[in-house]
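>>> give me coordinates for this.
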Amino acid sequence: MKLSPGEEELMNYLWSLKKAFMKDLLDAYPEPKPAATTVSTLLKRMQEKQFVGYLTKGNSREYFTLVTKENYFSKHIKGLIKNFFDDSPAQFASFFASKTEFSKEELESLKSIIEDKLEKK
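Take a look at the predicted model:
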């Protein structure tokens with residue numbers, strides 16, 4: 001299951017905060033801040049999708065993530081590769097390397113990461 005862009009934005013705030021009450025989440029947004037009802041609706045949808053949970057503390061809910069950022073984006077990237085690059089990591093890498101504006105140093109850094117991963121396999 002995938003998050004909408006608005007849900008992803010809220011999830012990023014929650015990942016960085018670890019746990020948060022509604023006030024904390026609203027404070028995390030830049031101006032103009034969304035209405036509390038908007039954030040509440042997003043949280044409800046995210047709970048239904050099993051991305052977010054909460055604990056009741058007094059009259060408030062303390063929200064937390066049920067999915068790590070790494071797991072979410074790993075599945076997201078795998079889905080992109082499957083749906084847009086014929087399930088070929090090589091096609092994805094070719095597109096990534098040729099269509100992005102990375103400097104030579106950034107590409108060398110990526111190459112080094114891949115080489116390290118290969119050595120460990």
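
>>> run a quick neighbour tally on Gly53.
Using other Cβ atoms under 10 Å, Gly53 has 13 other residues around it. The way it works is simple: take the backbone N, C-alpha and C, and place the C-beta from them, glycine included.

>>> can you check the one 3 residues further on too?
Residues contacting Thr56 under the criterion other Cβ under 10 Å number 8.

>>> three-state assignment of it?
With DSSP: H, G, I helix; E, B strand; the rest coil as the basis, Thr56 sits in strand.

>>> so which elements touch the helix-or-strand element of the chain with minimal mean pLDDT?
Every helix and strand in the chain was compared by mean pLDDT, DSSP states H and E; the lowest is helix 89-99, with a mean of 83. Counting contacts by 3 or more Cβ pairs under 8 Å, 6 or more residues apart in numbering; DSSP states H and E, helix 89-99 packs against helix 69-84.

>>> just how off-centre is the helix it packs on within its chain?
Chain-centre distance of helix 69-84: 10 Å, with Cα atoms, centre = their mean, to the nearest Å.

>>> same check, this time on stretch 46-65
The answer for stretch 46-65 is 18 Å, by Cα atoms, centre = their mean.

>>> with stretch 2-9 instead?
8 Å.

>>> report the buried residues of it.
Leu3, Glu7, Glu8 (16 or more other Cβ atoms under 10 Å).

>>> averaged pLDDT, that stretch. What do you get?
Taken as a whole, stretch 2-9 carries a mean pLDDT of 92.

>>> which residues sit against the host helix or strand of Trp15?
Taking DSSP states H and E as the definition, Trp15 sits inside helix 5-17. Helix 5-17 is contacted from outside by 3, 20, 24-25, 28-29, 39, 42-43, 45-46, 49, 51-52, 63-65, 68-69, 72, using Cβ atoms under 8 Å, 6 or more residues apart in numbering.
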